[in-house]
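**Q** Have a look at this prediction, sequence included:
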Amino acid sequence: MQLWAISDLHLSYRANRRLLGNLPPHPDDWLIVAGDLAGGEERFCEALDLLAARFARVIWVPGNHELWSDTAPHGVARYERLVARCRERGVLTPEDPYAVWPGPPGPHRVAPLFLLYDYTFRPDHVAVADAVAWAVESGVLCSDEQLLRPDPYPTRQAWCAARCRQTAARLASERADLPTVLINHWPLRAEHAVLPRIPRFTPWCGTRAAHDWHRRFDARVVVYGHLHIRRTRWCDGTRFEEVSLGYPRQYDPERPLEYYLRAVLPAANDWRYVP
């Protein structure tokens with residue numbers, strides 16, 4: 001029995017859809033899908049159907065691409081619609097009771113999160129209010145600025161702050177004396193948001209409000225994606241796993257999707273970086 005994770009499948013790409021279609025069944029295993037599964041709702045549901053048929057349990061958190069919309073519903077209503085599509089298929093979401101992993105190395109509370117970002121992943125000399133302008137100076141502007149609407153919140157920062165307050169209160173109240181696996185699309189720590197080719201993309205990569213959550217909530221593993229740079233990091237004895245597949249140019253097309261599934265529990269001791 002294995003708990004696997006992957007993110008950023010980006011199924012708008014035909015090559016990515018082909019990889020997913022060839023994924024063999026894992027009838028005894030669980031799968032974490034850490035956001036950016038697919039943008040359109042029809043493709044999103046098709047992917048959920050396929051994954052739910054191949055794994056004993058699937059756990060999903062939203063990424064920014066899933067929240068993009070140029071037609072209604074927007075913002076919270078769009079997120080709630082995706083949650084409903086997951087529930088129809090038995091896929092767990094951040095709005096559902098936290099599952100307890102029953103396999104090795106022992107029980108863990110698996111906590112899917114939806115925290116968004118608030119532009120605080122930026123150098124200290126840059127004010128939060130200036131973070132987007134600082135990124136634009138280098139020619140970087142995330143499409144979220146046009147496509148990820150926060151309705152009914154006035155800003156994405158306000159939505160992020162509300163999600164962080166709600167989620168922290170819930171994690172604190174449902175500890176159950178178990179170690180946790182925390183799952184979020186965006187990294188929880190600013191120093192993990194390192195993008196060598198687009199270094200000023202960081203304002204759209206997380207919130208400093210969650211920087212100590214791995215300690216506060218006894219996380220043994222933190223799973224995230226968004227960066228499209230697969231790697232393992234350690235902080236305060238907690239393992240942090242970036243589990244993206246990414247765009248076709250960012251992985252080896254000769255390898256099957258199974259190669260890119262990250263073993264979360266139990267850990268794969270010899271894995272550090274997958275090119």
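**A** Yep, it's here. Numbering: from 1, shown residues only.
**Q** what comes up buried for stretch 159-172?
**A** For stretch 159-172, a neighbour-count test (16 or more other C-beta atoms under 10 Å) marks 159, 160, 161, 163, 164, 167, 168, 171 as buried. In short, each C-beta sits where N, CA and C put it, glycine included.
**Q** Ignore what I typed, I meant stretch 207-223.
**A** So, applying 16+ other C-beta under 10 Å, buried residues of stretch 207-223: 207-211, 213-214, 217-223.
**Q** quick one: which of those is nearest residue 52?
**A** Closest approach between those and residue 52, by C-beta to C-beta: residue 223, at 18.9 Å.
**Q** thinking again about what came up before, can you tell me which of the buried residues of stretch 159-172 is closest to residue 250?
**A** residue 160 (26.4 Å).
**Q** returning to what we had before: and the buried residues of stretch 159-172 as a markdown table, adding distance to residue 28 and pLDDT?
**A** What follows is those, written out as a markdown table (distance: C-beta to C-beta, whole Å; pLDDT from 0 to 100):
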| residue | distance to residue 28 | pLDDT |
| --- | --- | --- |
| 159 | 37 | 98 |
| 160 | 36 | 98 |
| 161 | 40 | 98 |
| 163 | 33 | 98 |
| 164 | 35 | 98 |
| 167 | 30 | 98 |
| 168 | 33 | 98 |
| 171 | 28 | 97 |
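**Q** So which of these belong to helices?
**A** Secondary structure from DSSP state H places 159, 160, 161, 163, 164, 167, 168, 171 of the buried residues of stretch 159-172 in helices.
**Q** tell me which of those is nearest to residue 122?
**A** residue 160 (14.3 Å).
**Q** hang on, the earlier thing: so which of the buried residues of stretch 207-223 is the closest to residue 31?
**A** When the buried residues of stretch 207-223 are compared for distance to residue 31 (C-beta to C-beta), residue 223 comes out closest, at 11.1 Å.
**Q** So the closest one belongs to a strand, correct?
**A** Yes: judged by DSSP: H, G, I helix; E, B strand; the rest coil, residue 223 forms part of a strand.
**Q** Can you tell me who it pairs with across the strands?
**A** Under DSSP bridges, the beta-bridge partners of residue 223 are residue 183, residue 241.
**Q** show me the residues around it that make contact.
**A** By C-beta atoms under 8 Å, 6 or more residues apart in numbering, residue 223 lies in contact with 5, 7, 32, 34, 181, 182, 183, 184, 241, 243, 262, 264.
**Q** tell me the mean pLDDT over stretch 46-62?
**A** In this model, stretch 46-62 has an average pLDDT of 98.
**Q** Need the residues that contact that stretch.
**A** Outside stretch 46-62, the residues that reach it (C-beta under 8 Å, 6+ apart) are 4, 9, 11, 20-21, 23-35, 37-38, 79, 82, 85-86, 89-94, 99, 110, 112-114, 183-185.
**Q** Just the buried residues out of those, in PyMOL syntax.
**A** Those of these that count as buried under 16+ other C-beta under 10 Å are selected in PyMOL with:
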select buried, resi 4+9+11+20+23+26+29+30+31+32+33+34+35+37+38+79+82+85+86+91+92+93+94+99+110+112+113+114+183+184+185
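**Q** that older thread, just the ones of the buried residues of stretch 207-223 in strands?
**A** 219, 220, 221, 222, 223 (DSSP state E).
**Q** before we move on, the earlier item: could you dump the contacts of residue 223 to JSON lines with distance to residue 230 and pLDDT?
**A** Shown next, in JSON lines, are the contacts of residue 223 (distance: C-beta to C-beta, whole Å; pLDDT from 0 to 100):
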{"residue": "5", "distance to residue 230": "11", "pLDDT": "98"}
{"residue": "7", "distance to residue 230": "10", "pLDDT": "98"}
{"residue": "32", "distance to residue 230": "14", "pLDDT": "98"}
{"residue": "34", "distance to residue 230": "12", "pLDDT": "98"}
{"residue": "181", "distance to residue 230": "18", "pLDDT": "98"}
{"residue": "182", "distance to residue 230": "18", "pLDDT": "98"}
{"residue": "183", "distance to residue 230": "16", "pLDDT": "99"}
{"residue": "184", "distance to residue 230": "16", "pLDDT": "99"}
{"residue": "241", "distance to residue 230": "8", "pLDDT": "98"}
{"residue": "243", "distance to residue 230": "7", "pLDDT": "98"}
{"residue": "262", "distance to residue 230": "8", "pLDDT": "97"}
{"residue": "264", "distance to residue 230": "13", "pLDDT": "98"}
